[in-house]
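A.B. asks: Output the structure for:
(3 chains)
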Amino acid sequence: MQPQPKAAAQSAILSLDAVTKEFPGVRALSEVSLTLYPGQVTALIGENGAGKSTVVKILTGIYQPDGGRILVEGKPVTLANAQAAAAHGITAIHQETVLFDELSVAENIFLGHAPRGRFGLIDTKAMVAQARDILTEIEAPIDPTTRLRDLSIASKHLVAIARALSIDARVVIMDEPTAALSHKEINELYDLVEKLKAQGKAILFISHKFDEIFRIADRYAVFRDGQFVGDGAIQDVTQGELVQMMVGRAVDQIFPKRSPRVGDEVLKVVGYDHPTEFADINFTLRRGEILGFYGLIGAGRSEVMQALYGITKPGKGAVRIDGQVRVIRSPADAVAHGIVYVPEDRGRQGAITALPIYQNVTLPSLHRTSRNGFLRLAHEFALARDYTARLDLRAASLETAVGNLSGGNQQKVVIAKWLATQPKVIILDEPTKGIDIGSKAAVHEFMAELAAQGLAVIMVSSEIPEVLGMSDRVIVMRQGRIVAELGKDEMTPETLVRRAAGIGETE
Amino acid sequence: MSPTDRFIPDRLQSPLTRRVKSWETLLLAVAVAIFTFNAFASPYFLNAWNLSDATFNFTEKAMIAFAMALLIIAGEIDLSVASIVALASTAMGAAAQIGASPAVLVVIGLTVGLICGAFNGLLVTVMGLPSIVVTIGTMSLFRGISYIVLGDTAYGGYPAGFKFFGQGYVWWVISFELVAFAVLALAFGVLLHLTNFGRAVYAIGNNPVASLFSGLRVGRVKFILFLLTGLMAGVASVCLTSRLGSTRPSIGFGMELEVVTMVVLGGVNILGGSGTIPGVVIAAFIMGLVTFGLGLLNVPGIVMSIVIGALLIGVIALPRLWAMWRG
Amino acid sequence: MNRYLQSREVILSAAILMLILLISLRFPAFIAPANLANVFNDTSPLMILAIGQMIVILTKCIDLSVAATLALTGMVVSLLNIAAPDLPLVVTIMIALSLGAVLGMVNGLLVWKLNIPPIVVTLGTMTIYRGVIFLISNGKWVNAHEMSPAFKALPRHVFLGFPLLSWFALAVIVIAAVVMTRTTLGRAFYAVGGNPHASVYTGLNVGRTQFWAFTISGALAGLTGYLWVSRYAVAYVDIAGGFELDVVAACVIGGISIAGGIGSVGGAVLGALFLGVIKNALPVINISPFWQLAISGTAIIIAVVLNSRANRPPGRIILKQSEPAA
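C.D. replies: From the prediction side, this is the model:
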């Protein structure tokens, strides 16, 4: 099980040795090992919650391990913070959220290690020049003096890459670097990875896309539920074997069997336009139907849904619900018209984590459980009990704060909250992101049941198996526009990926 | 999905509840300790009339503090309350000069309070501005208008019937202000703890984004809270003006800080999301007792501010220091 | 180019120039260089304090204790001057700076180590510092005749045509501008307030950066404490009472975002000067000084509205044509 690296003489640059990390109530990493070699790309593979991001945070000094050792060139080191990690030559390309909107591109690239001039002051000219060099090297057409907030998501991502490269690193960690990039940009990133390999850098590549992993990785390492499962050379393994290692059982993920009875049109969106986020959005939705929305991260799917839900105002366009033109100015309007939204960002937008379960569930239904504006706790508990039981929620009591539940159970609370309002349309934005496999299946089954009961379901998802397994129809978005609408028989993984990434189109 | 055989109990006596309860208990213990200490330290303390007088130290501020508590729990703040008091008092003074009756004066005071609250509320909820800055601005604006009107002069000559609100007694030593304090405490306690509106206040303070996504009309709730805060400042202005019998533009200067201190001391999280009206009531008593007790001991007012300031930081810092020391 | 025209500093400078021009149309004496220099000098304490406050606000905090810190430091150096009239002024200034810094550190430690919200901390220390002045002075005033002549003369001493008070302000402005734009600490203030989460990924310690912001604000308040008592030749409990709000007002008018991460030294200085021009102009144009409070309140509200327009988050830019060309 211990394969030889291509250049046998090379020894590891960086390794984790039996590293453990615990959080209150959770063991995020349990004695995991990981080895990175110079000039090689190691793909780190695992499901959401497998511990990949914890590894990244330990390697970049954000978290401190509770047990085990980190070895740089065989010597144990302590990475007390991000700067210590950088000093050991470890750098990471995080997602675009780890940058500073109000600083210039050059300042973002060099924050913490800017070139110094006289009196130890930052040499602004040199900083801009060096930033321009790095951006040219990665073929990013960005002016280093632009304020970051004026850039698109894809451009911000290129800045994040430039920042990682501005540190003279031996180890480069790439955390889902292609998630928000278009086809052309992805190919440029692959070229960049080859360049870094040629320079002898070790690369840790985290990705969910198997085609990508087989294209650029030399080695793989698989984690599952915070434990190391196996590693080796990529040519010695097949996609099926990797999936089996990831999931722990030989599965095609099982989706509930459905025989959809699609009814009348319940929602029609006509000519939705927004100045910067999306354009020309038209679609319809019928009772009993599950409509999938697929696209890359940042394709504008959530933005469309939030406009539909009254969070943001579209510049133009109209919504018909049951044939009637409705104006939705706020989520309260949307809920009143029977549209509810289960957001992607559970902790921030979905649940009020400090409040107990029953208060979360009854929040939009208080007008039904109360009398003359006064709370009636017995009615509240009854309603909460009813809907949490339907979703098979697991909790110590209904007074438990939602923040103390697992991700899957938090999601169940949010869904229960909306079902209690008896809606017509339910929008689920990445409904199974970051929740364990068991809860995932429960959420899928529940979606199927809702559709069978005549509810219209919109499911925004970036997971191809989920889109294929659950949707009756799929709309594919790219760069703020609908680029395809596919019926059940037209959906294949290939078409979804091609349409979402714009492959075969001129850029 | 079939009803499950697993059963989630509605409640457990959770440690969290116990801790929340113990905050008020702790405050109450502090209040009792100060009361006892004062009783021993000064022979003049345990006198019904003296104690009754002492309640004027906090009744007006507490009226504002109840509304402010709701506003802070909802994640906003109003630093302009003392200036609303001044502007309402100035308006009442101007009306008194042309012979307005006590009833008209009260209506004017409350209306000015409501208008000021509405102005703050509009700027915060409709324009989406941060309340701390907006109300620092209106704090200058409202009192500034009083200065423009009055300069270094003062209004007096309030009608005799107007005296009742700040100087009148309902029964024996029980003043009108004390009764108003008790009624308002009850009203705000019910509003916050027993109604849908109160639930919305907590939800919004804990997570305004998720509250909006849950279909709450966040802006409307906050606007109502600014209105209520303005109204309570109007009520306090009626009482204070009546008690002093005159209006200068500097009336109630610095009151907003004492109100905020009272709210925070009462266990309301300055960042929003938690706090209770009983806590604020006890904090009002504590501040009144400290002021009164130290006053009996001839300690000057400014030194009392050290005690209040230290209490404010201490009640938050000590539990955290304790946790650090043990952890 | 468009970006420069839209910048807060340019708009504010234009507003101040317009204001001065309007006033001087009716009262030409106002625009005389000597008068303008006087306005600058008169606004110096506010400018120094606004720069300190700006740094604190940049890091998502607020310092309501600046005026109390100023008053306490002013009282301490005044009492020191009575006790030791021959103490060199350099030492006095160093003491003022360090005492202010220590008082600021108290705020900073409570925020950093105990995680207490800054508004609560500085509300508390504000009342405590004021109370301490009373304790150390027994509530008495230190009057002009008790202060040594040199102690009182320093801020008025004219050097190259300007009083030293103005030179102090200029020095603070220049040093602060360099620190904020050209040092790691300066950039850290912006980063920590702009995106605390990302700051951790960059290796910045959010709490420690906030601690330094409070320390700087305290030190500048301490320095201003000496300048204040020596200029007005009096020290008592209530000097500069409520001045913290003028300081915050100057920052808000100067475009510093209360949400953190946005602001500049230039903005803070111009915000202070705007208030200073108004204050000095009112008596000239025969408007009662009682108008000043309402005018500055209105200015704050207008400034907040403008700031929020300028700093509204643009949302995600998804459509290709929305991105500015490189």
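
A.B. asks: Can you name the residues that contact residue 81?
C.D. replies: No chain in the question, so chain A it is. When contacts are counted by Cβ atoms under 8 Å, 6 or more residues apart in numbering or on different chains, A:Asn81 is found next to A:61-62, C:203, C:205. (C-beta placed from N, C-alpha, C; glycine too.)

A.B. asks: that's the wrong chain, I meant chain C
C.D. replies: Taking Cβ under 8 Å, 6+ apart as the definition of contact, the neighbours of C:Asn81 are C:87, C:92, C:146-148, C:151.

A.B. asks: Leaving out chain neighbours, which residue sits closest to it?
C.D. replies: For C:Asn81, the nearest residue in space outside its immediate sequence neighbours is C:Phe151; the separation is 4.8 Å by Cβ to Cβ, 6 or more residues apart in numbering or on different chains.

A.B. asks: what ranges of the chain fall below the confidence cut-off?
C.D. replies: Going with chain A. For chain A, residues meeting the criterion pLDDT under 70 lie at A:1-10, A:24-26, A:48-49, A:95-97, A:180, A:182, A:248-253, A:434, A:436-438, A:503-507.

A.B. asks: Not quite, go with chain B.
C.D. replies: Within chain B, the set of residues satisfying pLDDT under 70 comprises B:1-7, B:13-22, B:327.

A.B. asks: Now the residue nearest in space to the middle of it. Nearest residue, chain neighbours left out?
C.D. replies: Most central in chain B under Cα atoms, centre = their mean is B:Ala65, positioned 0.8 Å from the mean C-alpha point. Here the nearest residue to B:Ala65 in space, its sequence neighbours aside, is B:Met262; by Cβ to Cβ, 6+ apart that works out to 4.5 Å.

A.B. asks: Next to chain A, which bits of the stretch 101-250 of chain C? Give me the list.
C.D. replies: Taking Cβ under 8 Å from any Cβ of the partner chain as the criterion, the neighbours of chain A within the stretch 101-250 of chain C are C:178, C:181-184, C:187, C:190-191, C:194-195, C:197-198, C:200-205.

A.B. asks: make it 6 Å
C.D. replies: Applying the criterion Cβ under 6 Å from any Cβ of the partner chain, the portion of the stretch 101-250 of chain C that neighbours chain A consists of C:182, C:191, C:194-195, C:198, C:201-203.

A.B. asks: One more: chain B?
C.D. replies: Residues of chain B lying near chain A by Cβ under 6 Å from any Cβ: B:1, B:3-4, B:8-12, B:14, B:194-196, B:203, B:206-207, B:209-210, B:212-215, B:217.

A.B. asks: Take those residues and keep only those in helices.
C.D. replies: B:194, B:196, B:203, B:206, B:209-210, B:212-213 (DSSP state H).

A.B. asks: Residue of the stretch 101-250 of chain A nearest chain B, please.
C.D. replies: Of the stretch 101-250 of chain A, the residue with the smallest distance to chain B, taken as Cβ to the nearest Cβ, is A:Glu102 at 16.4 Å.

A.B. asks: Name the SS class of that residue, please.
C.D. replies: Of the three states, A:Glu102 takes coil under DSSP: H, G, I helix; E, B strand; the rest coil.

A.B. asks: same question, the one 10 residues further on
C.D. replies: When states are read from three-state DSSP, the local structure at A:Gly112 comes out as coil.

A.B. asks: What's the separation between the residue nearest in space to the middle of chain C and B:Thr25?
C.D. replies: The centre of chain C sits closest to C:Ala50, judged by Cα atoms, centre = their mean, with a distance of 1.6 Å. The gap separating C:Ala50 from B:Thr25 is 44 Å, by Cβ to Cβ, to the nearest Å.

A.B. asks: re the thing from before, correct me, but the residue nearest to the centre of chain B touches B:Val281?
C.D. replies: No: with contact taken as Cβ atoms under 6 Å, B:Ala65 and B:Val281 are classed as non-touching, separated by 9.0 Å.
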